[in-house]
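1. all I have is the shape, not the residue letters:
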Ligand SMILES: Nc1nc2c(ncn2[C@@H]2O[C@H](COP(=O)(O)OP(=O)(O)OP(=O)(O)O)[C@@H](O)[C@H]2O)c(=O)[nH]1
């Protein structure tokens, strides 16, 4: 099992990924929502292995066709070649083709399952057909198929286990019907079972590691995007989101509103109440700001020390003039003592700008406009909102 740095769990905020890490997943199952995301991750990370598996299976079975044709009597190859050529090779060819079709991606795992099952049953059929004609083929082929399914076919563990159980059952039935030598029957059955135990154990641990990698990736991603103190998005994540939202607003001909927010006299707050007290206030301000990012495309972030940003995607025009004021008020009404401020309690200043993409404007222009509005709010005495909305007079 992979050892996870406990710091990673301490530093990340609650999320389904963190919960899964804490609760464990020894049955190789997450919650349905996470399981779906994991399936996608599994397909994506194993895509090249899956294509190699498909190519390898087609090449090997084509080779077996040649071996059948050159070494087996016609009464046998007349039956084995159609199984290999008409069933197994086409199944893998279709799976390989599907792996290049984006729109069929959701069905890829099922296609691999079906190919694996057909390969196993087909191989049992080949051995049975030859046995029925008194021409015993080496049974080791079916062992290889079992290991191929566990390790190379890129199937999830439960799927590989189920398919191999079906193949094992069909092999045992075929042997009991066609294998005259009971000692060999026992010997083959024992080896098949052993191969399955080895394969299932090995692939269990492999999938366990893949699941751990999936969770660690998500947690690291969260750490890289969030500010450690407040839990809000950090500046880099915000800039990425802003660019994306700007493009979306351009496509949909919508506007964006950006509020640049700064805690008033925060240096004095730190001096008076200590750095730890300052940290607590930043968390409180962050929570309040975050509550004002209500829609899916809205985002609140910590932009720098005591500076925050809040982006609203296309707010209704009648709400717009009051949005900044509501936020300013939400902090002011909490009346947190701030002895370093002339008002005696904690306040924030806001610069609020609205822009619609077009006529050469960029997301940077929106940021600059909000920043200038904030500067004016500070100059005008703090604890106020200055808006820069085209066509709006304060
Ligand atoms: N406690 C704490 N303080 C921080 C953090 N990041 C930045 N600061 C402090 O925030 C203060 C910002 O001070 P200034 O930029 O002078 O702003 P201000 O005192 O709020 O003045 P105005 O913005 O003009 O009202 C500095 O003293 C920084 O040390 C942090 O994470 N925690």
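-> Sure, I can see it. Computed from a prediction, not measured in an experiment: that's the story for all the values here.

2. just the buried residues of stretch 71-81, please?
-> Applying a neighbour-count criterion of 16 or more other Cβ atoms under 10 Å, one finds 72, 76, 77, 79, 80, 81 buried in stretch 71-81. Backbone N, C-alpha and C define where each C-beta goes, glycine included.

3. pretty sure the last one sits in a helix.
-> Yes. The secondary structure assignment for residue 81 places it in a helix, going by DSSP: H, G, I helix; E, B strand; the rest coil.

4. which residues touch it?
-> 65, 68, 69 (Cβ atoms under 8 Å, 6 or more residues apart in numbering).

5. about what we covered before: tell me which of the buried residues of stretch 71-81 is nearest to residue 180?
-> Residue 180 lies nearest to residue 76 out of these, by Cβ to Cβ, at 17.1 Å.

6. out of the contacts of residue 81, which are buried?
-> Listed as buried from these are 65, 68; burial here means 16+ other Cβ under 10 Å.

7. so which helix or strand takes in residue 359?
-> Residue 359 belongs to no helix or strand when elements are defined using DSSP states H and E.

8. that one: neighbour count?
-> For residue 359, the count of nearby residues is 5 (other Cβ atoms under 10 Å).

9. where's it relative to residue 365, distance?
-> Distance, residue 359 to residue 365, using Cβ to Cβ, to the nearest Å: 10 Å.

10. quick revisit: now the contacts of residue 81 in CSV, with secondary structure?
-> CSV is the format used below for the contacts of residue 81 (three-state DSSP):
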residue, secondary structure
65, helix
68, helix
69, helix
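
11. need the contacts of residue 81 in TSV with distance to the ligand, can you?
-> Output for the contacts of residue 81, formatted as TSV (distance: Cβ to the nearest ligand atom, whole Å):
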residue	distance to the ligand
65	69
68	73
69	75
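
12. and the contacts of residue 81, which is closest to residue 168?
-> Each of those was checked against residue 168 using Cβ to Cβ; the closest is residue 68, at 23.9 Å.

13. quick one, what contacts that closest one?
-> Contacts here follow Cβ under 8 Å, 6+ apart; on that basis residue 68 touches 76, 77, 80, 81, 84.

14. and the residue in the stretch 1-150 of the chain positioned nearest to the ligand, how many residues sit next to it?
-> Proximity of the stretch 1-150 of the chain to the ligand (Cβ to the nearest ligand atom) peaks at residue 11, 15.4 Å away. Around residue 11 sit 13 other residues, with neighbours defined as other Cβ under 10 Å.

15. from the contact counts, what lies against the strand or helix carrying residue 42?
-> In this structure, residue 42 sits in helix 32-45 according to DSSP H and E. Applying 3 or more Cβ pairs under 8 Å, 6 or more residues apart in numbering; DSSP states H and E, we find helix 32-45 packed against helix 16-23, helix 108-132, helix 182-225.
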